[in-house]
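Peer 1: Sequence first, then the predicted structure, then my questions.
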Amino acid sequence: MRTKAISLVSTAALVLSVAACGGGEDSDSLTVTMWGGQAQDAHVKSYFTPWGKQADVSIRQDSPTDYAKLDAQVKSGKVSWGLAEVEPNYAKSACDAGKLEKLPERVIEAAQKAEIDPAQMNDCAIPILQYTFSIAYNTDTFGDAHPTTWAEFFDTEAFPGKRGFWKYVTGGIFEAALLADGVAPEDLYPLDLDRAFKKLDTIKDDIVWYDTGDQQVQLVASGEAPLVQAWNGRITQAAKAGEPVANEYGENLISYDQIVTPKGYDNVELAQDWMVWFLENPEAQADDVVASGYGPASPQAVDLVPEDIRPDVAGGAAVNDQSAALIDYNYWAEHYDEVTKRFNTWIAQ
Amino acid sequence: MSLTKSVSTGRSVRPRARSSRLRAYLRVDGWGLLILPLLVFLVVIFVVPLGMLIAKSFTDPTVGLDNYREIFAESLYLKILTNTFVIALSVTAVTLLLAYPYAYLMTIATPMWRTVLLLLVLVPFWTSVLVRSFALVLLLRDTGVLNTIAQDVGLISEPFPIMRSMKGVIFGMVQVALPFAVLPMYATMRNIDTRLTKAAQGLGDRPSGAFWRVFVPLSMPGVAAGLLLTFIQALGYYITPAMLGGPKNTMIGELIVQQVSTVLQFGFAAALAVLLLGTTFVLLAIAGRFMNLERMLMGRS
């Protein structure tokens, strides 16, 4: 008898706990997942909450975006993320693999009207923000004479000190190495990896790796690594907060994040409503530029940004004119895994 | 509470008797039911996922041993696995050397000093590992507190690199591991009857002899517990080595995270985890041959 009771209780407990894992979304809510931190707060305040009020939709948040979780949601058919901020190479691969909802005609039309660079779109994704991989330098270490090109960034004799790089293959490190080695910007892709690794070997002992946005700021600001290939917005904000850091935009590499809807999300219509609203509202994007330090998806938003911060806006003329290239995420979608493997082996050697 | 097991009577088991034996084996008295919540919890949270993990390592993306073959095909992965064990063993050794005298000091100190010593161990223990690791970064980096002071007083002219090397990793991990070694050691040492060492001296042994031949053997259960806790924990460290080590000090935890969240190779990550688990069991089995772990851990002094 007791044995039976035990098995009954445990079965019930199992069923209950499994049932509790099931999610599901109310019909009038939208869950947004981004990278977290202050940037997410700014994005939500600038262009999710205002839309939510207008459309009478409650905005829920999650963070950070995790591709493993996203894949697991799609695979299990229990999708709780309505909009997810992702990297474009992931968006491309996931879209091709059928893990994301395709953009409907109305979103594509809105993107055209917003003058979105077609190179920053794909069948499932629109860009949500832009930034650049710039040369961040410590202003105490390098007063007036700081590196202005990647060739100078790689010159440890003229500019002694550690170099900070993102420990991540799509962080612009190979593009910078090739530019430093004299490859013309238009010939960057497909990347000559052998040549890039050879160039990186020349400064390998001086490289300090970072994983997060905070680490890169700490590295430059403390002088631990007075030169860092950084995300410009982080450096701009640190400079604003009084840290001795600055961006050099010479040969900057423009990058962007995209926003997508995982396949099978219940309120996919709502997510797409938001995309249209976002693209039609350069004002909201401009608010986000001020709040987050990231460049807007639409070039129309740049003119709405206060004049004094325009020189630091990715996507704006001041930054764009000095840019060497736009990161080609179609290349990265195809080669990400293989280069990641080679890169990890290289750095651990 | 008792979980009663039927005692084998030595007679051969006939098919008819088997079911009644099974029933006897499963018989639990009323108090035994108290274990049920924990049992359900462990099954749902630990046993089932572990089974899925092991299954995944053999089936994702293809059925077979491909994931394991891949680990052994790339020398980097074996290097990281070796690295993991070397770091865990070094951390355990350094922790033991620091924790044993510390715990001993706690047993002989006056109550006031004992409280101070205990607090010094416990306060970091109550602080988040993440916070402590960040604090260590500020302390240890080339432009950090230690290097700046040493340079200012003229001890060194160039920063002495501690971070981004094995030194930094061990420094940070020992700091995190210390309470896990000190506390079980102290708990054991506290209960050792000090009259025993006095008796040894009374019978003619030198104080150092009495310490090594009487006190140390009696403290072994605590040492074994501390060592095991430190070692097994150290194998899975992820944040501290990631923050304080360089790329050459990558531990397997970091590699697994990388596989799961950046290249999405669940099966391969599962295989790495299973390999770590398997290797740990093998090492414990080897250790078990040389010392009676069960008795050392469960034994009373």
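Peer 2: Cool, the structure landed.

Peer 1: For residue A:174, which residues are in contact?
Peer 2: With contacts defined as Cβ atoms under 8 Å, 6 or more residues apart in numbering or on different chains, the neighbours of residue A:174 are A:191, A:193, A:196, A:339. All C-beta atoms are positioned from the backbone trio N, CA, C, and that covers glycine.

Peer 1: do residue A:253 as well
Peer 2: When contacts are counted by Cβ under 8 Å, 6+ apart, residue A:253 is found next to A:132-133, A:172, A:175-176, A:323-327.

Peer 1: Quick check: the farthest pair among the contacts of residue A:174?
Peer 2: Farthest apart among the contacts of residue A:174 by Cβ to Cβ are A:196 and A:339. That separation is 9.6 Å.

Peer 1: Settle it for me: which of those two has more neighbours?
Peer 2: Neighbours of residue A:196 and residue A:339, each counted by other Cβ atoms under 10 Å in any protein chain shown, are more numerous for residue A:196; the result is 23 against 19.

Peer 1: near chain B, anything from the helix or strand harbouring the more buried one?
Peer 2: Counting by DSSP states H and E, the element that carries residue A:196 is helix A:193-201. No - in this structure, helix A:193-201 remains apart from chain B according to Cβ under 8 Å from any Cβ of the partner chain; the gap is never smaller than 12.4 Å.

Peer 1: end-to-end on stretch B:200-212?
Peer 2: The first and final residues of stretch B:200-212 sit 11 Å from each other (Cα to Cα, to the nearest Å).

Peer 1: can you map out the helices along the stretch 51-200 of chain A?
Peer 2: A:67-76, A:88-96, A:105-113, A:150-153, A:173-180, A:193-201 (DSSP state H, counting those that start in this stretch).

Peer 1: er, the stretch 201-301 of chain B I mean
Peer 2: With DSSP H, counting those that start in this stretch applied, the stretch 201-301 of chain B shows helices at B:207-210, B:216-235, B:239-244, B:252-261, B:266-290, B:293-298, listed in chain order.

Peer 1: which one of these lies closest to residue A:86?
Peer 2: Each of the helices of the stretch 201-301 of chain B has some distance to residue A:86 by Cβ to Cβ; the shortest is helix B:252-261, at 12.6 Å.

Peer 1: In that closest one, which residues are buried?
Peer 2: The neighbour-count check on helix B:252-261 (16 or more other Cβ atoms under 10 Å in any protein chain shown) flags B:252-256, B:258-260 as buried.

Peer 1: Next: stretch A:198-209.
Peer 2: A:199-200, A:203, A:207-209.

Peer 1: again, but for stretch B:235-255
Peer 2: Taking 16+ other Cβ under 10 Å as the basis for neighbour counts, the residues of stretch B:235-255 that come out buried are B:235, B:237, B:239-247, B:249-255.

Peer 1: Same check on stretch B:116-132?
Peer 2: Taking 16+ other Cβ under 10 Å as the basis for neighbour counts, the residues of stretch B:116-132 that come out buried are B:117-118, B:121, B:129, B:132.

Peer 1: returning to what we had before: closest to chain A out of the buried residues of helix B:252-261?
Peer 2: Of all the buried residues of helix B:252-261, residue B:260 has the smallest distance to chain A: 5.2 Å, by Cβ to the nearest Cβ.

Peer 1: Residue B:156 and residue B:148, how far apart?
Peer 2: According to Cβ to Cβ, to the nearest Å, residue B:156 stands 11 Å off from residue B:148.

Peer 1: ok, now residue A:64?
Peer 2: Distance check for residue A:64 against residue B:148: by Cβ to Cβ, it reads 34 Å.

Peer 1: ok, now residue A:213?
Peer 2: As defined by Cβ to Cβ, residue A:213 lies at a distance of 25 Å from residue B:148.

Peer 1: still on that earlier bit, which ones, among the buried residues of stretch B:235-255, also lie beside chain A?
Peer 2: Residues shared between the buried residues of stretch B:235-255 and the neighbourhood of chain A are B:242, B:246-247, B:250 [Cβ under 8 Å from any Cβ].

Peer 1: Compare residue A:213 and residue B:148 (neighbour count), which wins?
Peer 2: residue A:213 (20 against 13).

Peer 1: Now the closest residue in space to that one that isn't next to it in sequence: which helix or strand?
Peer 2: Excluding the flanking residues, the one nearest residue A:213 by Cβ to Cβ, 6 or more residues apart in numbering or on different chains is residue A:234, at 4.8 Å. Element membership of residue A:234, judged by DSSP H and E, is helix A:232-240.

Peer 1: and the next helix or strand after that helix, which residues are buried?
Peer 2: The first helix or strand that comes after helix A:232-240 along the chain, using DSSP H and E, is strand A:245-260. Along strand A:245-260, the positions that meet the burial threshold by neighbour count (16+ other Cβ under 10 Å) are A:245-260.

Peer 1: Now do whichever helix or strand comes after strand A:245-260 against helix A:105-113, angle only.
Peer 2: Downstream of strand A:245-260, the first helix or strand assigned by DSSP H and E is helix A:268-280. For helix A:268-280 against helix A:105-113, the angle between stretch directions is 10 degrees (axes from the mean of the first three to the mean of the last three Cα atoms, to 10 degrees).

Peer 1: from the helices of the stretch 201-301 of chain B, which stretch is densest packed?
Peer 2: Among the helices of the stretch 201-301 of chain B, ranked by average contacts under mean count of other Cβ atoms under 10 Å in any protein chain shown, first place goes to helix B:239-244 (a mean of 23).

Peer 1: contacts for that one?
Peer 2: Helix B:239-244 has contacts (Cβ under 8 Å, 6+ apart) with A:211, B:87, B:129-130, B:133-134, B:136-137, B:140, B:163-164, B:168-169, B:171-173, B:176, B:249-251, B:253-254.

Peer 1: tell me the mean pLDDT for it?
Peer 2: In this model, helix B:239-244 carries a mean pLDDT of 89.
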